[in-house]
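Visitor: Structure for this input, please:
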Amino acid sequence: MTWLKLPRKWQPVVGNLVLCGIGLGILIMMGWCLTQMNRPLSQLPTQQQLDVLGSKNYFTFAQLVEAALRTMTRLFIGMLWSLAFSLVFGVMAARYKTARYFILPLVNLLESVPLLGFLTFTTAWFMGWFPNNVLGVEAVAIFGVFTAQAWNIMLVLYQSLRVTPKELLTVADQFGCNSWQRFWRLEFIYAVPGILWNMVISQSAAWFALVACEQATVAFPRTETLILPGIGSYIQIALDRSNFGAVAAALGALLVCVLFTNVCLFQPLIKGTVHYKYSTGTDNQLPPQSRVYDLVSHAKLPKWLHQWGHQVSTWWLLSLPQIWENLRLPQFMQWLHKWLKLWLTLWYFSLGCAMVGLIGFLATYLKWLNWQTLIWWTLLTTGRVLAAVVLSALIFIPLAVWVASNPRRLNRIQLWGQVIGSIPADVYVPVVALLIVATGTTHQWWVIPLIMTGTQWYFFFNVIAGYLAIPADIQEVTQVFHLKGWRWWTRFLFPSLFPYLITAIINAAGAAWNADIAAELITWGTKQFSVAGLGAYIAGNTDNKPAEATGVLIICGLVGICVIFIWQPLYRFAERRFHY
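Guide: Have a look, this model is predicted:
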């Protein structure tokens, strides 16, 4: 607490005020925003109204604050849904082999599907759930956050459950824990550091998805275009009107939201769960820093709520397992496993029929399409994505190792890395548009750097996480054998980081497709800059759903080929060869 120089007697008071301020602020924000969500769809502002209203009356401080609050609320709701999904399907995939055959390939595929792929096929579905209500449009934006985080968090939880040390499981069995209690008292706690770190890594993708969903407009009725209030739509309106001041203000508000999320949520949680990390040998890493956690740790309010929390945990750990046992899920999974080949055959047959039917449906609308040109655009976009992923790996893998190898350097850089890494790739699009207009350079030079803004941080954070997960005694062995230079990289580091590198490549590839769609076609007022490619084709056909769906299906086909022939074999190879 030396950074504030507070007297000891004031520390609990300030801690209570900070805790209450953050808690009440989030509750008030979410309560107000939830009331704004449940309204008739006709109350949303339209593009025609904004044209009549004018830029000066729309680009106000009050409008920007409302946009920031509603964007933050969607982010928090999407994070909660992502965590709930991960807890259910991650545990099912780890515990039951039958479920694993269905869940893992599907999640690996969905992880790399671009955001527009989900929006193309789910917008009408959510609008049908909440007809003539703003909740339908809000659900689309929240689902965008969900798709950016849920798959990553679920895979991390699954991997953590699969590699939980056997000696810890033996201790839990000796204490008589049933499967429910073992999960919450041991396995979930063991997975918490990885889940939190992955949520930090996924922040950039979550913000990207949220901004992109808010920028997407909804036609209702056909003569009007509705706009969902948020930072994303605020930026898009400013871009359409070439208003540099409004763009800068929106980017500043987005940075404030990113800082608030990192400083007030993730940093305290990471520091509070640092002793959950399982380690053998000597740990020479410095603990993470969080000023908010230092203040809240002196608060008396959590201690006052301890008795109530103890009653809830007793019910959760002792009473709820009886309900879980009555579900007889293990017995049901054993029965399903007896007919595994039948279920797999039906599953893949259904997927094949659905794909053939969808392609046939689209073919009736796209007879005029020049397929040769589309194939050429696909090759161009694939080349850009591959180049961005390779360049990101070559630059940020050594940088991450350099940062993680020094605890003091890691503590200094980690905070700013988390903040900068949380900035979505579509935030850089207005900056690039301004640079193109100001300098007169061609758009071709900026496409790959724009894609890299969505991929590079996956390598940076995953490599740091992998380096920190290397047991201390293994690192000491490398010092005993005097491994240095190229031998140190090839004999020790790359094998140790291999599972994390596979995760980084898969995440980066999915983010690269999203970033490419935003990078190949950008606008500034009435000016439009584009390059030939599949991303520009998809972004330029948002009003032509069959054409947009065709572009998305091509990406999904490429992703599916990678999942079957590249990612799945690499995952199995990593589990078989590279583990402690």
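
Visitor: what's around the residue lying closest to residue 513 once chain neighbours are set aside, how many residues?
Guide: Closest residue to residue 513 apart from its sequence neighbours, by C-beta to C-beta, 6 or more residues apart in numbering: residue 114 at 4.4 Å. From N, CA and C alone the C-beta is placed, and that goes for glycine too. As a burial measure, residue 114 scores 27 neighbours (other C-beta atoms under 10 Å).

Visitor: swap in residue 357?
Guide: Neighbours around residue 357, by other C-beta under 10 Å: 10.

Visitor: Can you give the distance of the helix or strand containing residue 552 from its chain's centre?
Guide: Residue 552 belongs to helix 545-562 when elements are defined using DSSP states H and E. From the chain centre to the centre of helix 545-562 is a distance of 21 Å (C-alpha atoms, centre = their mean, to the nearest Å).

Visitor: after that helix, next one along is what?
Guide: Next along the chain after helix 545-562, taking DSSP H and E as the criterion, comes helix 568-577.

Visitor: ok, and for that next one, which residues are buried?
Guide: 570, 571, 574 (16 or more other C-beta atoms under 10 Å).

Visitor: ok, now stretch 237-244?
Guide: 237, 238, 239, 240, 241, 242, 243.

Visitor: and the third one, which of the three is it?
Guide: Okay, so that is residue 239. Of the three states, residue 239 takes helix under DSSP: H, G, I helix; E, B strand; the rest coil.

Visitor: roughly how far apart are it and residue 104?
Guide: Using C-beta to C-beta, to the nearest Å, one obtains 40 Å as the distance from residue 239 to residue 104.

Visitor: Could I get the full set of helices for the stretch 451-580 of the chain?
Guide: 456-469, 472-480, 485-487, 494-519, 534-539, 545-562, 568-577 (DSSP state H, counting those that start in this stretch).

Visitor: what's the answer for the stretch 301-450 of the chain, then?
Guide: 301-304, 306-314, 320-326, 329-338, 340-365, 371-404, 407-421, 428-439, 444-452.

Visitor: Among those, which comes closest to residue 161?
Guide: Closest approach to residue 161 among these (C-beta to C-beta): helix 329-338, 15.4 Å.

Visitor: avg pLDDT for the closest one?
Guide: Helix 329-338 carries an average pLDDT of 66.

Visitor: what does stretch 492-510 give?
Guide: 82.

Visitor: How about stretch 568-580?
Guide: For stretch 568-580, mean pLDDT rounds to 70.

Visitor: what does stretch 230-243 give?
Guide: The average pLDDT within stretch 230-243 is 81.

Visitor: And stretch 171-186, by the same measure?
Guide: Computed over stretch 171-186, the average pLDDT equals 82.

Visitor: Figure out how far it is from the centre of its chain.
Guide: On C-alpha atoms, centre = their mean, the centre of stretch 171-186 falls 30 Å from the chain's centre.

Visitor: measure that stretch end to end?
Guide: End-to-end span of stretch 171-186 (C-alpha to C-alpha, to the nearest Å): 10 Å.

Visitor: residues of it that come out buried?
Guide: Under the neighbour-count rule (16+ other C-beta under 10 Å), stretch 171-186 has 172, 177, 180, 181, 182, 183, 186 buried.

Visitor: Stretch 452-472 now?
Guide: 452-470.

Visitor: same check, this time on stretch 34-53
Guide: For stretch 34-53, by 16+ other C-beta under 10 Å, it's 37, 41, 44, 45, 46, 50.

Visitor: From residue 75, how far off is the first one?
Guide: Note on residue 37: its distance to residue 75, by C-beta to C-beta, is 14 Å.

Visitor: likewise residue 29?
Guide: 11 Å.

Visitor: Looking at these two, which one has more neighbours?
Guide: Ranked by neighbour count (other C-beta under 10 Å), residue 29 and residue 75 place residue 75 first, with 23 against 16.

Visitor: what helix or strand does the more buried one sit in?
Guide: Counting by DSSP H and E, residue 75 is part of helix 61-95.

Visitor: List the buried residues of the helix or strand following that helix.
Guide: Counting by DSSP H and E, the element after helix 61-95 in chain order, helix or strand, is helix 97-112. Residues of helix 97-112 classed as buried under the neighbour-count rule (16+ other C-beta under 10 Å) are 98-99, 101-105, 107-112.

Visitor: could you check the angle helix 340-365 makes with whichever helix or strand comes after helix 97-112?
Guide: Following helix 97-112 in sequence order, the next helix or strand is helix 115-129 (DSSP H and E). Taking axes from the mean of the first three to the mean of the last three C-alpha atoms, to 10 degrees, helix 115-129 and helix 340-365 form an angle of 90 degrees between their directions.

Visitor: Residue 187 is in contact with residue 164, correct?
Guide: Yes: at 5.5 Å, residue 164 counts as touching residue 187 under the criterion of C-beta atoms under 8 Å.

Visitor: higher neighbour count, these two?
Guide: Between residue 164 and residue 187, counting by other C-beta under 10 Å, residue 187 is the more crowded of the two (21 against 18).

Visitor: thought that one was touching residue 159?
Guide: No: look at residue 187 against residue 159 with C-beta under 8 Å: they stay out of range, at 11.8 Å.

Visitor: give me the number of residues near the residue nearest to residue 463 when sequence neighbours are not counted?
Guide: Spatially, and ignoring its direct neighbours in sequence, residue 463 is nearest to residue 400 (3.7 Å; C-beta to C-beta, 6+ apart). Counted by other C-beta under 10 Å, the residues lying close to residue 400 total 27.

Visitor: Contacts only, for residue 400.
Guide: 459, 460, 461, 463, 464, 467 (C-beta atoms under 8 Å, 6 or more residues apart in numbering).

Visitor: Apart from its chain neighbours, what residue comes closest to the third one?
Guide: Leaving out its chain neighbours, the residue that sits closest to residue 461 by C-beta to C-beta, 6+ apart is residue 201, at 4.4 Å.

Visitor: Show the pLDDT at the one you found.
Guide: 78.

Visitor: List the contacts of it.
Guide: With C-beta under 8 Å, 6+ apart, residue 201 has these contacts: 152, 421, 457, 458, 461, 462, 465, 507.

Visitor: where does the stretch 201-350 of the chain have low pLDDT?
Guide: For the stretch 201-350 of the chain, the stretches with pLDDT under 70 are 216-225, 278-288, 298-311, 313-340.

Visitor: repeat that for 50
Guide: Applying pLDDT under 50 to the stretch 201-350 of the chain flags residues 220-222, 282.
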